[in-house]
Every structure is written in C-alpha cells, then in structure tokens.
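1. structure for this input, please:
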Amino acid sequence: MTNATFNARLALVAPLALCAALAGASTRAMAAETTPAAATHSEPARGKTEGRTPEARVRHLHDDLKITSDQETQWNDVAQVMLANAAAIDSAVKDREHMAKGMTAIDDLKSYEAIVDAHAEGIRKLAVAFAPLYASMPESQQKNADAVFGHRTRPSKLKTHG
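-> Residues are numbered from 1 along each chain as shown. This next block holds a predicted model:
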C-alpha cells in the first residue's frame, strides 16, 4: 500500500473511529450515571472530557469559558444544544449497539454514517448557538474562548502518518 493510499484511508476512517469512540464514551458515561451526585464523584481530572457525562462537559465548558451571570441566558441556549447533541449521538450509538451482532458490512458503514451525521449536525447547531454568546464576549473572554476551543487543534496534538 502506498503512502497516498494509506493517508486517504486514514482520512476516511479516522473521523469515523473518533466519533464512534467519543459517542461510545458518552453512552457509557450516561449509562453509568444514576444521580447527579454520582457524576461528581466519578469525574476524571480537569481537562479531560472522556468518560464525563454531557452535563459535566457542559459545566466544564461553562467554567473554562468563564461565563458571567450576564451571559447565562445565552449560555443556556448553548448548553441545551450541547445536551441535545449528546442525546442524538447517544441514540445513534445505541442503535448501532442494538444491531451489532447481526450487522453486515453495509449496516456497519451505515451505522457509522448515522453517528457521523449526528455529530456533524450537532457541530452546525452548536456553532449557531455559540455565535451570539461569543459576539457578546469582551475581547479578553473571546481570546480565552479561542484558546479553549483551539486546544483541540494544536499541531502537536495532531498526528500524521507518511
């Protein structure tokens, strides 16, 4: 296999695997949570979101973005979108898990497609909900938001093969 072929396959498969892993972690976290207090005791170290409940991720982002009391109304819109997105991905993952034993290769691909579609639609909705909040932030808070969101795309974190 050539490097170009490998990179093309990686470009197609990596996002699917990442979405499935994130959605699976969300499913396990939601299933494990029985009460809000249980989430507090089982949360991993700050800075990591895997294994956190959607509610815990919302609280974490609220804190990281330094949302003020004046911004709570706009933040609540963002939080609702985040929770709805988590529910949509969780639903797609549960559908996949339910079909797992009898899936054909095509079913497998379609189930990943459903997860990726839910994730992509969620990102679109989150961008729409977050834009007014971001626009209302003072410059220093916007720079903080840029850093909070930007930590996911630092070149040192992204690995390439080639």
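2. drop to CA atoms for contacts and neighbour counts, all remaining ones
-> Fine.
3. next helix or strand past the helix or strand of the chain with the lowest mean pLDDT?
-> Of all helical and strand segments in the chain, the minimum by mean pLDDT, DSSP states H and E falls on helix 36-42, at a mean of 32. Scanning forward in sequence from helix 36-42 by DSSP states H and E, the next helix or strand is helix 54-65.
4. now do the next helix or strand along the chain from that next one: which elements does it pack against?
-> Per DSSP H and E, the first helix or strand lying C-terminal to helix 54-65 is helix 72-99. With contacts defined as 3 or more Cα pairs under 8 Å, 6 or more residues apart in numbering; DSSP states H and E, helix 72-99 has these neighbours: helix 3-32, helix 54-65, helix 105-136.
5. mean pLDDT lowest where, among these?
-> If the helices and strands packed on helix 72-99 are sorted by mean pLDDT, helix 3-32 sits at the bottom with a mean of 42.
6. next, count neighbours for residue 98.
-> Neighbour count for residue 98, taken as other Cα atoms under 10 Å: 11.
7. no wait, residue 130
-> Residue 130 has 16 neighbouring residues, counting by other Cα under 10 Å.
8. and what of the one 10 residues further on?
-> Neighbourhood size, residue 140 [other Cα under 10 Å]: 9.
9. what strand or helix carries it?
-> Assigned by DSSP H and E, residue 140 belongs to helix 139-150.
10. pLDDT on that helix, on average?
-> In this model, helix 139-150 has a mean pLDDT of 94.
11. that helix: which residues count as buried?
-> 142, 145 (16 or more other Cα atoms under 10 Å).
12. what is that helix packed up against?
-> Going by 3+ Cα pairs under 8 Å, 6+ apart, helix 139-150 lies up against helix 54-65.
13. angle of the helix holding residue 140 against helix 54-65?
-> Interaxial angle, helix 139-150 versus helix 54-65 (axes from the mean of the first three to the mean of the last three Cα atoms, to 10 degrees): 140 degrees.
14. what comes into contact with helix 139-150?
-> Residues from elsewhere that reach helix 139-150, judged by Cα atoms under 8 Å, 6 or more residues apart in numbering: 64-66, 134.
15. out of these, which end up buried?
-> 65, 134.
16. now do the contacts for residue 67.
-> With contacts defined as Cα under 8 Å, 6+ apart, residue 67 is in contact with residue 75.
17. great, nothing more from me.
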